[in-house]
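Visitor: could you work out the structure for the sequence below:
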Amino acid sequence: MHRGPRHWRWGRSGPGRPAKPRFIWYSPGNIVFVPMKTDDVEYYGEPIYLLPDELEALRLVYFEELTQEEAAKRMGVSRGTLWRALSSGRKKVVRALVELRPIAIISPEE
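Guide: Below is the predicted model of the structure:
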């Protein structure tokens, strides 16, 4: 596992200012969580992709228990940008749980 932060930004092109790179300190690699019932029946549907900045925001705020301001500083973004990543990540995780869809974590190396 990489010890220092990685710079990551969306691969978006088009008009407007490019996205500011984020510092991603945690990277589990490319992983997919598949829902399974107690009788070992797995659900394979269209996966929901969790982006590296969404996972990092969720990790810093809910696992490391940092404030949004502290987490934003750690990622090198504004608090508003961190809030949008948190909101998007929460919605994706809840949607995957409710719709029994796999959660795919995208590695920042991609």
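Visitor: contacts, neighbours, all on C-alpha from now
Guide: Fine.
Visitor: ranges for the strands of the chain?
Guide: With DSSP state E as the definition, the chain shows strands at residue ranges 6-8, 22-24, 31-33, 48-50, 103-105.
Visitor: let's have the ones you listed in TSV, adding mean neighbour count and distance to residue 84.
Guide: Compiled in TSV, these are given as follows (neighbours: other CA atoms under 10 Å; distance: least, CA to CA, whole Å):
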stretch	mean neighbour count	distance to residue 84
strand 6-8	17	16
strand 22-24	22	13
strand 31-33	13	23
strand 48-50	18	13
strand 103-105	20	18
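Visitor: can you put the ones you listed in a markdown table and add mean pLDDT and distance to residue 42?
Guide: What follows is those, written out as a markdown table (pLDDT from 0 to 100; distance: least, CA to CA, whole Å):
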| stretch | mean pLDDT | distance to residue 42 |
| --- | --- | --- |
| strand 6-8 | 57 | 32 |
| strand 22-24 | 83 | 31 |
| strand 31-33 | 90 | 10 |
| strand 48-50 | 95 | 16 |
| strand 103-105 | 94 | 13 |
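Visitor: gap between stretch 78-93 and the chain center?
Guide: Offset of stretch 78-93 from its chain centre (CA atoms, centre = their mean, to the nearest Å): 9 Å.
Visitor: what does it contact?
Guide: With contact meaning CA atoms under 8 Å, 6 or more residues apart in numbering, stretch 78-93 is reached by 48-51, 53-55, 57-58, 68-69, 71-72, 103.
Visitor: and those, which of them are buried?
Guide: Neighbour-count burial (16 or more other CA atoms under 10 Å) applied to the contacts of stretch 78-93 gives 48-51, 53-55, 57-58, 68, 71-72, 103.
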